[in-house]
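J.: whatever this is, show me its structure:
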Amino acid sequence: MELENPITVWVCLGIILMLSEIVIPGGIVILLGSACLIVAGALGVGIIEGIAQSLTLWFISSMVLLLSFRHITQRLAGGDAHVDNTDEELDLYNQIAIVKASIGPGQQTGRISCLGSEWTALGDGSEIQVGSKVRIICRDNIALVVEPFKE
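T.: Next up, the predicted model:
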């Protein structure tokens, strides 16, 4: 089998891409491999000649196959589809934090440590001492609003 023949190269590339769908599931690579087989068929019939026409046909056929059959291959291949929380602030609400720099009195900000990071914090108006536990109740601009945690 000679690899200097462009038909052989496109067929081998198509088969390799289609078989790699086993390792890389998702339904995209099999369509790219199918486009390679379309190019090999067009070269064999004599519709196209040369590398520029081959690459153009591969690109166009890849796009057509992807836009036409992606939903079908996605259903067959499955995949990991889940929706996670994209609002990081929701992870902070009701968390217990430790005061690193005293908060208050009044609107004087302090620092808290929560989830491995330090944050600017506002209290409820009273003074909250260093080392105290607080609960995060909301966010005010760039500061987290906290209240003393009562166990």
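
J.: only C-alpha atoms from now on, for both contacts and neighbour counts.
T.: Fine.

J.: mind giving me the packing neighbours of the longest strand along the chain?
T.: When the chain is scanned for its longest strand (criterion: DSSP state E), the result is strand 133-140. Judged by 3 or more C-alpha pairs under 8 Å, 6 or more residues apart in numbering; DSSP states H and E, strand 133-140 is in contact with strand 96-101, strand 143-148.

J.: the bottom helix or strand of this protein by mean pLDDT?
T.: helix 88-92 (a mean of 71; mean pLDDT, DSSP states H and E).

J.: just put the helices and strands packed on strand 133-140 in JSON lines and tack on distance to G116.
T.: Putting these into JSON lines (distance: least, C-alpha to C-alpha, whole Å) gives the following:
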{"stretch": "strand 96-101", "distance to G116": "10"}
{"stretch": "strand 143-148", "distance to G116": "15"}
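
J.: okay, those in CSV with mean neighbour count and mean pLDDT next?
T.: Below are these laid out as CSV (neighbours: other C-alpha atoms under 10 Å; pLDDT from 0 to 100):
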stretch, mean neighbour count, mean pLDDT
strand 96-101, 21, 90
strand 143-148, 20, 87
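
J.: if anything else comes up later, I'll come back, but that's it for now.
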